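Chemist: When you get a sec, could you give me coordinates for this:
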Amino acid sequence: MNTPVARHYALAVAPNGARRTHADHPALPMTPDELGACAKACLDAGTAMIHLHVRKADGTHSLEVPDYEAGIAAVRRAVGNELVLQVTTEAVGIYTPAQQIATVRALRPEAISVALREVLPDAAHASAAQAFFAWLWQSQITTQYILYDTADVAQYWRLRASGAIRPGRHWVLFVLGRYSKGQLSSPSDLLPFLNAWHAGVDAQGEASAETPWAMCAFGPREAECALAAVLQGGHARIGFENNLYLPDGSLCPDNAASLGVLTSAARPLALAPMTANALRELTR
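Modeler: Take a look at the predicted model:
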């Protein structure tokens, strides 16, 4: 019997987030060295990308350039270019849109994530946001636009239609269950996103269908949500930023084990995680 050819999906790790600390889990990486060690373990577990949050000396969330430079250097020492290194611009109620944009312009990283609702909260920020989007595209910085609900999906498609977000060099992330009770996600949370997404694809035409999408989810059904996304042709982000637990409700030992829940479930279905270079090609 012939072995089926595996279809590949992008697997990203979000190992720490902006708020959790060692008090939440001792294996949650906070320092540059811890980020480097985590990146290496997650590379070995199948991830193609690390979604990077860094901290100040007191352990709190940072978008400061020196803190990012230290974290980026540590990850590169650990894995070289074998992972896509995605810088987050998350505000966490601390940083303004202008500060988020300034950090990215100073760093010029390989890849970033940016929430539309943070960098473009109202019409007063439209000009600066659109100039930023154009600069990202021109600078060949792979951008992932974070979409929290179907209103964000509609906003994304309006920006595509206006030309503010150009085709190529980006992908999107659906955040499942961000506003659900207890912030616990389920696979059904993906359906409204997909309906809104495909409506936009149909309206925009053939080129829009080439834009990749991924998802992240909260709680112990994280891997189940991720598998549902991969089966629908999407990609997945997993890690301690959104979930510390295994499907049975027990505490997960580390980020690499979180990734393993998905890869183990996907493997019998001829689904395999892609490499960083394959992800770069996918989002170029």
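
Chemist: Can you list the residue ranges for strands in the stretch 101-250 of the chain?
Modeler: 111-115, 142-147, 170-176, 213-217, 235-238 (DSSP state E, counting those that start in this stretch).

Chemist: Leaving out sequence neighbours, find the closest residue to Asp44.
Modeler: Ala256 (7.0 Å; CB to CB, 6 or more residues apart in numbering). Just so you know, the C-beta spots here come from the backbone N, C-alpha and C atoms, and that holds for glycine as well.

Chemist: my read: the one you found touches Ala41, true?
Modeler: Yes. Ala256 is within contact range of Ala41, at 4.3 Å (criterion: CB atoms under 8 Å).

Chemist: out of the strands of the stretch 101-250 of the chain, deepest packed?
Modeler: Each of these was scored by mean neighbour count; the highest is strand 235-238, a mean of 27, by mean count of other CB atoms under 10 Å.

Chemist: wait, isn't Leu259 in contact with Ala41?
Modeler: No. If you go by CB under 8 Å, Leu259 and Ala41 don't touch, sitting 9.2 Å apart.

Chemist: The two: which has the busier surroundings?
Modeler: Neighbours were counted for Leu259 and for Ala41 using other CB atoms under 10 Å; Leu259 has more, 28 against 21.

Chemist: in which helix or strand would I find the more buried one?
Modeler: Leu259 belongs to helix 255-266 when assigned by DSSP states H and E.

Chemist: just how off-centre is that helix within its chain?
Modeler: 16 Å (CA atoms, centre = their mean, to the nearest Å).

Chemist: contact partners of it?
Modeler: 9, 11, 13, 15, 27, 29, 38, 41-42, 44-47, 222-223, 226-227, 230, 236, 238-240, 243, 246-247, 252, 272-273 (CB atoms under 8 Å, 6 or more residues apart in numbering).

Chemist: buried stuff in that helix?
Modeler: For helix 255-266, a neighbour-count test (16 or more other CB atoms under 10 Å) marks 255-256, 258-263, 265-266 as buried.

Chemist: Run me through the strand neighbours of the following helix or strand past it, direction for each.
Modeler: Using DSSP H and E, the helix or strand that follows helix 255-266 in sequence is strand 271-273. Here strand 271-273 has these sheet partners by DSSP bridges: strand 7-9 (parallel).
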